[in-house]
Structure formats: structure tokens, C-alpha cells
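Colleague: with the input below, show me the fold.
(2 chains)
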Number of protein chains: 2
Amino acid sequence: MFLSNFFFPVLREVSSDAKLKSHQHMLKSGMIRQSTSGIYSWLPLGHKVLKKIEKIVREEQNNIDAQEMLMPTIQSAEIWKESGRYNDYGEEMLRIKDRQGKDLLYGPTNEELITEIFRDNIKSYKSVPLILYHIQWKFRDEIRPRFGVMRCREFLMKDAYSFDLSKEDAIKSYNKMFFAYLRTFHRMELKALPLKASSGPIGGDASHEFIILAETGESQVYLDKNILNIDINTYENNHDSISKLVSDYSKFYSATDEKFSKLEFDKIVKKENQIITKGIEVGHIFYFGDKYSKPMKANVLNKDGKNTTLEMGSYGIGVSRLVAAIIEAKCQNGIMKWPKEVSPFDIAVIPLNSKNDSKPIEMAEKMYSELQKKGFDVIMDDTNDSPSSKFKNFDLIGVPYQLIIGNKTSEDKFEFKEVNGKTEFCSFQEVLQKLNKK
Amino acid sequence: MFLSNFFFPVLREVSSDAKLKSHQHMLKSGMIRQSTSGIYSWLPLGHKVLKKIEKIVREEQNNIDAQEMLMPTIQSAEIWKESGRYNDYGEEMLRIKDRQGKDLLYGPTNEELITEIFRDNIKSYKSVPLILYHIQWKFRDEIRPRFGVMRCREFLMKDAYSFDLSKEDAIKSYNKMFFAYLRTFHRMELKALPLKASSGPIGGDASHEFIILAETGESQVYLDKNILNIDINTYENNHDSISKLVSDYSKFYSATDEKFSKLEFDKIVKKENQIITKGIEVGHIFYFGDKYSKPMKANVLNKDGKNTTLEMGSYGIGVSRLVAAIIEAKCQNGIMKWPKEVSPFDIAVIPLNSKNDSKPIEMAEKMYSELQKKGFDVIMDDTNDSPSSKFKNFDLIGVPYQLIIGNKTSEDKFEFKEVNGKTEFCSFQEVLQKLNKK
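Modeller: Residues are numbered from 1 along each chain as shown, chains lettered A, B, ... in the order given. Coordinates of the predicted model:
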């Protein structure tokens, strides 16, 4: 992509309503534009990052054998009346009447709909365990939408639902999801903490929220620093290893304000291991037994031909919220550096123009095309902007690697820079090696 | 994927409301389930096909340098009042009031919103030509939703919008889209016809609808058979070649009922070249000048510093509708054969079990894992079903290639079958060659 063709409308000033770093950054860099209160359009730069995050989430769900499907955004009110949540949900539910006068709603979550689909299609124990998920837009009519896509009304969520015959099996599904979540956030180069949580309006018996650490986060987090040393890469995708992972995490103290007790913290965690920091909730998992399957009569026949009520869980990741959360964690002093796997481009080629020398731009075009041939998604700055305004734009775009072509560049050595890191002179082969290794 | 784990709820009987072949097939094969009138959930089989179609559409849009973004499903009524369509659109528009009493709507199309985004962000002629697109769910509150996903209420559409400085440039953008559409449908192995159309409620000067031929289609189509010999592969992605493509298509007669005149047909097309058949509309492109840019004041400064109103076009493809359209074109006598690029799996491995012989299933497992290692997405029937019920299931799933492992299979020769084609005995290497070639 040539920068001059890229729909990348920069804002130098943003409204004072945008108080959060991520909100400001997303507006400045043309990632999003608000269309109406709490509802955003994703412009190409933002959309590219959103899709990369979605891809990681999808791959890690598939990795634990969850199956992707897609439920609609608009649901019938009927099933919500069956579960008893239609009246409970309150004004955050966007209620709609269609032209026939039928009560519809824009789904804020999908427990009812997935339970109905399961109930209507699955009759035998042979079809469980089963985990289904979808990545779909949700709507919650927040009374005061704010913080950009962090607390907006229309948002993209991955929600998964597990169906099992027994509590024991349901906990296995729950733990698989625990593993998948930690892998998902790890691939985004985030420090993620699973915290025991109260289960809130979804209801149920076991629940963890996943918080990623960011100094500007909304929640206060108290933890034993040993918990940060647990390395998800040392666990494997099998029952024993996953059980060990869950138990290893439960050995160390961690809590948000809600569950924090200073007495307990001081008693359990040595002073030198205590960390108090901030975080952002990006995921939440629940085991809730028969909360929906019982009122909605989602049963299967077990091996002995007896009707058995399903044990269920649900598992959410805020996909659009993660875009903002990553910015909170990775943007420092106005300089964004996207984690490699979610970066909108693999590398930026930046020729520094000089008035009477067409060499930098010619060499840049050559490098652009060579890198593309090798399969990299490259953005090249083909504008006539000054070096300083070029670098300002790339602080916003946040591509982690830059190939800078200026008067120091020779035919066989290029200036390769990792954002916030050092600049090295490398041959083209060395550039390729670095990109492939990182 | 092992069939026994796949969420694939087959229906042997479907409701008599499902009159269309594709509607019946999608219900039988567990591709979709209706959640409420005209609103469907996509189960894993349907979802896989939908995503493959989406991928082709995306790649061909990117190929003509259209840039992907994403607008929200819920829009403010304000911009529709600005364009004058809020009152005109009628009851098909799903109107919503939020908790603050503000008028919202579920977008049936996006001309207003994209024009607003352009107007608020682009000020200079240097940013055009520009084509933006998104692939997003739309809602039209059909009075009588029917035919499954063919005429439903919540549907997935790719809609693109072009912005140009002059009519001449706008026609260039229009023609590029014409080229992209023909390539898109060609990759789905569909015979697609661009037909001059009246522009309907979007308004405007030039318009084509794209019809794919299917004997069970909804529209009657009259054409000169020479039009079917135009080979999109002989045209290239550049201005001259694309202009030639558009002009080559306009040489031959084609019309739907709406524009058909028997007199004209007989006058222009020799009797032996006349084809009368049926088709399904899957795309529609419009050039509409300043219809939206003028009332909404979408202007840029041209080279001379003068305010210039944008020339626009919009371009839709019914992504979810295409799933049904392909079934109408490709399902014969209850046997589905997906075009290779949209098939839910690359190949099916089908061991034919015999009571006292575990060899077929062992060999099948080996082939399954070898094919996966080579990067193919494989479905293996690991059930104990009889051969006839296995083949019945695969008639529904529609994977075009089958590797059948039965008592005729030896250690080094496998039964390779192309659906509706012949069966050959091949070595594993030959199977790989066939899959890669096809």
C-alpha cells in the first residue's frame, strides 16, 4: 500500500471528550470515526488491526476444538421471556418492534439463542461435549457511552458456549477456554491475568475475568509478582497440562478492587512480591450449570436413555475493546508500536526525500516490491512530506519495523529500525531474516 | 475435522414452507436454522461456506484497490433526513428508538453514512479517486420474508462506494467494479451476466445487475448465447483491458423480463443464438453522480482551489444470498457439489467399515493426517454408519472430492472420486496432484 492512496485521515487535534489515551490515538490516527453516540465506523487502519485480532481469537478457539458459527444480531424477544431475562435485563437492551409489531431486540449476548439452537437440534449424549462460538456485533444501550470503543454501544465480541453432560466435563471445557484465553492474549504480547470474579448478570458457579495490565487501565489490580512468571508456552493442549495451568494460576494472589482485602493481601503475599497496578478487562468466562438449559429444557438422552439437563458455560472476549486495550498497553509518549501479530502492516518503507536526488524514492520502490514478493504486507511512504512529518505519521500508524532509506543508505545496506529500539544497517537478506524471526 | 465431532444436524424432512431447492438443502444439511421470521443462524457448515465466499469477494475488491473498512449496523436517522431518504424508504427500514429517545435505524444500505465519513475527512482532490467497501450485515424488514437466505431480513452484503472528481473518472471506477464482479463470480464457477438495469431506489444514471444462471432462478433471462463465450480470464486489470471488457459485453443482447422486448430480441439475436433461461440477481452496481454528495455537501477542493462536488457510485454483492444462489446452480437431484474455492472442506475421507476389519478406518486415519499435513482442510467420516448413509450425508455436505477407503483399497492405491464424475484408483501422490491442480 502506498501511503498517498491509503484512506488515513489524520487529526492533529481531538475533542476534549476523548480523555483516554486509546480513544485519542484512534481518532488521531484515523482508525475510527464516531457516527453517533457510542457507535463507530472502523476506517481502513483500524479495520486491519481489528481483523488481525479477530484472526488470533479465531485460531485459538479452533485450537481447542471450538466450532465457529454465526448467530444473527437481531433476536426474537420470545426466547428471552423463556429464560426470564427479558424483564431483568433493563434499559441496556435495545428493544425493537418490527413492521408486524413483533418484539425483537439487538442481542447483547447469546445464551438464550444458542440454548435454543442446541435444544432444537441435539438429542443424544453422543453430540457432547460441544463448544460453539461466534464473532458477532453486539449492542448494549449504555446510558453514558464513553472512552471510544472501550465503552461503546455497538461492539464486536467473541462469545463461546459449552455443552456438557456433567459438571466434571463442564469444568474441563471451562479449563480449555482458560488455556485458550491465555494463549490468545500472549500472542498479542499482552500480560494477561485471570482473576476469580463474581459472575454478575450471566449467573453461575465459577467465573474468571481476564485483565490485561496497562498503567492507564480502569481497574486497580493487586497481585503477587510470581504470577507474572507463569509461562503459557510451557503448557500443552491436553487435559493434564491444562489442569496444571489452572492450578498454577490459583497458587498466587491476584484480585481487583471488588474482591481485594488489604489484610489478606499482606498475609498471603510478601511485601517485596506485592504489585499494585492497573488493568483492563478484556475477557470473562463463566460456568453456570443449568441456569439456561433448565428453564429452556435443553436436554439430551444419556447412555442409559435418561433425559439429562445440559451443563453449560459461556466465554466472552471483547474483540473491538482489545484494539483500545492494546493501545493503552503499547502506546508510549504518543508513539504506537503494535505487537507483531496485530500490526496493520508488517513493515514500513520510508524514503527520506531530498530535492535533487531521486535515488531514495527509487530504491524505496525497489525494496517495496521485493518485500511484497516475499509475502510481506508493506506500507510505503511515497509522499513528499518532510522527514519529521513522515515519522510523525508512522508514530500514529504504529508499524513495529521501519526500513529507512536516506542519504546514509548504500546499495547494499539499509537502515532497519525497530520502533523504540535501535537502528541497524542491514543487507536486504538480514532485513528478511529479522522480519521472519521477530 | 471428524464427522462425529462436527455440529452437523441433518434434517431428513423439512417444512413445506421451504419451497426453494436451496432453502430445503440449507435446512437439511444443517447449514442454517431460522431463529425468527427471515432471521437465520449460520451453523458451522453454512458458516464455512459463507466465509469462503466473503474471502473471494474481499480479494477481488482488494485487487482493484478498493479499501476495506467497516461501518456499524446501527445508524443515526439524522443523515437519512439530510439525504431525504428517511421518509422515502418506507416500512422496509427497521426504525429504532434508543433509551434516550433518539431515532436510530438498522442500516439497509450505507450511501448516507459513507458520504458523511468522506465529507468529514477528505478535503482535497489529492485523496481521490477512492473506493471504500465493507462487508457488513444489513436489515430490510421484508413484508413477507421467504426462500430462506434468498429473501430474508438480516443479510450479509458487500457494499462499496466510489468517489471521483469527474464523471469520466467515476465511469472508470464503475468499470473496475464491473471487472471485479465478473472475476468474483467466475472464481465461484458461476455463469454471471451483467444486465443493464433501471436503477431503482438508489437512483442514478448507469446501472447493471449481475445475474447468475440457474434453472430454478427467480428471474426470466433472455440472452444471445455468444455472451456466454466471453472469457474473463482473457482480460487484465488495467484501464484499456477493462474498457474492452465492458464494451465486449455490451455487444450482445441480454435482458430480464423488466427490459425484455420480443420484437427487439428477434430483431437483434438470430433464432439459433437465442437462449431463454432463469437467473438469480447476486450483485448490482450504480453510478449516481451527485445524488448524495450534493444534498450532503460532500465537496473537495480541486487543483484550482475550487469547491467540487464528488461523483459517486455504489456497488453491492449479496454475500449471504450467494450461498443459496450457488446451491440453486450446483445442486442436482439432491447431490450438492460446491465449487472448489467455496467448498466447506477440500476433501472428504470416507472409510467403508466392515464388521471384522479395522483396516479401512486405520488407513483412513493415516490419509486424514497425511492430507492435513499437506495443508488440506479434510473432513473424515469416523462414524459407524452404513456406506449408504455415509454417502447420503456427503451428498448434503457437498465436498467435491472424496477419498473412499474400502475393500478395493490396497496399500498404495486409493479410490478417488470427483462428485458427479468418475472414480479413479490413484496413489497418494496422484491424489495430491489432482487436488492441487483442480
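Colleague: for the closest residue to A:Ile122 other than its chain neighbours, what are its contacts?
Modeller: Distances taken as CB to CB, 6 or more residues apart in numbering or on different chains place A:Val300 nearest to A:Ile122, at 6.0 Å, with adjacent residues excluded. Using the backbone N, CA and C atoms, a C-beta is placed for each residue, glycine as well. A:Val300 makes contact with A:Ile122, A:Lys123, A:Ser124, A:Tyr125, A:Ser127, A:Val128, A:Leu165, A:Asn307, A:Thr308, A:Leu310 under the criterion CB atoms under 8 Å, 6 or more residues apart in numbering or on different chains.
Colleague: any chance of these in TSV, plus neighbour count?
Modeller: TSV is the format used below for the contacts of A:Val300 (neighbours: other CB atoms under 10 Å in any protein chain shown):
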residue	neighbour count
A:Ile122	19
A:Lys123	12
A:Ser124	11
A:Tyr125	18
A:Ser127	18
A:Val128	22
A:Leu165	17
A:Asn307	9
A:Thr308	17
A:Leu310	27
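Colleague: can you list the strands that the longest strand along chain A pairs with?
Modeller: As assigned by DSSP state E, the longest strand anywhere in chain A is strand A:274-289. Strands that pair with strand A:274-289, judged by DSSP bridges, come out as strand A:206-213 (antiparallel), strand A:219-224 (antiparallel), strand A:311-318 (antiparallel).
Colleague: quick one: the helices in chain A, in order.
Modeller: With DSSP state H, the ranges of helices along chain A come out as A:21-28, A:44-63, A:77-83, A:85-88, A:111-121, A:167-187, A:239-250, A:262-268, A:319-330, A:359-373, A:387-397, A:428-437.
Colleague: deepest of those, which one?
Modeller: Looking across those with neighbours counted as mean count of other CB atoms under 10 Å in any protein chain shown, the highest average goes to helix A:319-330: a mean of 25.
Colleague: and that one, what does it pack against?
Modeller: When contacts are defined as 3 or more CB pairs under 8 Å, 6 or more residues apart in numbering or on different chains; DSSP states H and E, helix A:319-330 packs onto helix A:21-28, helix A:44-63, strand A:154-164, strand A:206-213, strand A:274-289.
Colleague: now render the ones you listed as JSON lines, adding distance to A:Lys374.
Modeller: Compiled in JSON lines, the helices and strands packed on helix A:319-330 are given as follows (distance: least, CB to CB, whole Å):
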{"stretch": "helix A:21-28", "distance to A:Lys374": "30"}
{"stretch": "helix A:44-63", "distance to A:Lys374": "19"}
{"stretch": "strand A:154-164", "distance to A:Lys374": "31"}
{"stretch": "strand A:206-213", "distance to A:Lys374": "32"}
{"stretch": "strand A:274-289", "distance to A:Lys374": "33"}
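Colleague: which of these sits closest to B:Asp103?
Modeller: Ranking those by proximity to B:Asp103 (CB to CB) places strand A:154-164 first, at 15.9 Å.
Colleague: can you list the residues of the stretch 101-250 of chain A near chain B?
Modeller: A:102, A:104, A:106, A:113, A:116-117, A:120-122, A:126-127, A:130, A:132, A:137, A:139, A:141, A:143, A:153-154 (CB under 8 Å from any CB of the partner chain).
Colleague: about what we covered before: what angle do strand A:154-164 and the longest strand of chain A make with each other?
Modeller: With axes from the mean of the first three to the mean of the last three CA atoms, to 10 degrees defining the directions, strand A:274-289 sits at 60 degrees from strand A:154-164.
Colleague: just the C-alpha atoms of strand A:274-289, please, in CSV.
Modeller: The C-alpha trace of strand A:274-289 is given here as CSV (Å, rounded to 0.1, in the frame of the first residue of the first chain):
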residue,chain,number,x,y,z
GLN,A,274,3.3,-7.2,46.1
ILE,A,275,2.4,-5.4,42.9
ILE,A,276,-0.4,-2.8,42.7
THR,A,277,-1.1,-1.7,39.2
LYS,A,278,-3.9,-1.1,36.8
GLY,A,279,-5.6,-3.3,34.2
ILE,A,280,-8.4,-3.5,31.6
GLU,A,281,-10.9,-6.3,31.5
VAL,A,282,-10.8,-8.0,28.0
GLY,A,283,-12.4,-11.4,28.7
HIS,A,284,-14.8,-13.1,31.0
ILE,A,285,-15.6,-16.8,31.4
PHE,A,286,-18.5,-18.4,33.2
TYR,A,287,-19.6,-21.9,34.2
PHE,A,288,-23.2,-21.6,35.1
GLY,A,289,-24.6,-25.2,35.1
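Colleague: mind listing what's buried in it?
Modeller: By 16 or more other CB atoms under 10 Å in any protein chain shown, the buried positions in strand A:274-289 come out as A:275, A:277-289.
Colleague: could I get the residues you listed in a markdown table, plus columns for pLDDT?
Modeller: Below are the buried residues of strand A:274-289 laid out as a markdown table (pLDDT from 0 to 100):
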| residue | pLDDT |
| --- | --- |
| A:Ile275 | 95 |
| A:Thr277 | 95 |
| A:Lys278 | 95 |
| A:Gly279 | 95 |
| A:Ile280 | 96 |
| A:Glu281 | 95 |
| A:Val282 | 97 |
| A:Gly283 | 97 |
| A:His284 | 95 |
| A:Ile285 | 96 |
| A:Phe286 | 94 |
| A:Tyr287 | 94 |
| A:Phe288 | 92 |
| A:Gly289 | 94 |
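Colleague: A:Pro44: what's it in contact with?
Modeller: A:Phe6, A:Phe7, A:Phe8, B:Gln67, B:Glu68, B:Met69, B:Leu132 are the contacts of A:Pro44 under CB under 8 Å, 6+ apart.
Colleague: quick one: it from A:Pro400, how far?
Modeller: Per CB to CB, to the nearest Å, A:Pro44 is found 18 Å from A:Pro400.
Colleague: next: A:Leu322.
Modeller: For A:Leu322 relative to A:Pro400 (CB to CB), the value is 17 Å.
Colleague: next: A:Ser76.
Modeller: For A:Ser76, the distance to A:Pro400 - CB to CB - is 46 Å.
Colleague: which one's more surrounded, those two?
Modeller: Neighbour count, other CB atoms under 10 Å in any protein chain shown: between A:Ser76 and A:Pro400, A:Pro400 has more, with 23 against 20.
Colleague: who are the contact partners of that one?
Modeller: For A:Pro400, the contact set (CB under 8 Å, 6+ apart) comprises A:Lys337, A:Trp338, A:Pro339, A:Lys340, A:Ser343, A:Glu418, A:Val419, A:Lys438.
Colleague: look up phi and psi at it.
Modeller: For A:Pro400, the backbone dihedrals (degrees, to the nearest 10) come out as phi -70, psi -20.
Colleague: next: A:Leu165.
Modeller: Torsion angles, degrees, to the nearest 10, at A:Leu165: phi -80, psi -30.
Colleague: look up phi and psi at the residue of chain A positioned farthest from its centre.
Modeller: If you look at how far each residue of chain A sits from its centre, by CA atoms, centre = their mean, the farthest one is A:Asn356, at 46.3 Å. Note on A:Asn356: backbone dihedrals following degrees, to the nearest 10 are phi -110, psi 20.
Colleague: and it, what pLDDT?
Modeller: At A:Asn356, the model reports a pLDDT of 75.
Colleague: do the same with the one 3 residues further on
Modeller: The pLDDT attached to A:Lys359 in the predicted structure is 86.
Colleague: quick one: contacts for whatever residue of the stretch 101-250 of chain A ends up closest to chain B?
Modeller: For the stretch 101-250 of chain A and chain B, the shortest gap (CB to the nearest CB) falls at A:Asn121, measuring 3.8 Å. Residues in contact with A:Asn121 (CB under 8 Å, 6+ apart) are B:Pro9, B:Gly30, B:Arg33.
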